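A.B. asks: Attaching a predicted model along with its sequence, questions to come.
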Amino acid sequence: MSPKVEMARLVVRAVLDYTNDRPAQWAPVFPIAQRLALNDDAAIDAALQQAIDRGWLIVEGGRSLCLTDEGRKAA
């Protein structure tokens, strides 16, 4: 598995934990990045894009994250 995909999975798991595995719950990007100790905006953007491309995550306004059903399964 590529590092980008692995980072996307970590983001998905962090969102799942943040939302207590409740469907259709939104999480802000900043606390998720903090949980994963991501300080590099490019790394955060790449992980989010990978998760979006795989259909695991919905991003709204670049600041709010929501897992899809596929994302919850991937987590």
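C.D. replies: That came through, no problem.
A.B. asks: got a list of what the nearest residue to Val5 once chain neighbours are set aside touches?
C.D. replies: With Cβ to Cβ, 6 or more residues apart in numbering as the criterion, Val5 has its nearest non-adjacent residue at 6.0 Å, and that residue is Gln50. (C-beta placed from N, C-alpha, C; glycine too.) Contact analysis of Gln50 by Cβ atoms under 8 Å, 6 or more residues apart in numbering lists Lys4, Val5, Met7, Ala8.
A.B. asks: rerun that using 7 Å as the cut-off
C.D. replies: By Cβ atoms under 7 Å, 6 or more residues apart in numbering, the contact set of Gln50 is Lys4, Val5, Ala8.
A.B. asks: Going by residue numbers, what spans are helices in this protein?
C.D. replies: In the chain, the helices defined using DSSP state H lie at 3-18, 29-35, 41-53, 69-74.
A.B. asks: what's the last one in contact with?
C.D. replies: Around helix 69-74, the neighbours that count as contacts under Cβ under 7 Å, 6+ apart are Arg9, Val12, Leu16, Pro23, Ala51, Gly55, Trp56, Leu57.
A.B. asks: how many neighbours does Ala42 have?
C.D. replies: Residues within reach of Ala42, counting by other Cβ atoms under 10 Å, total 8.
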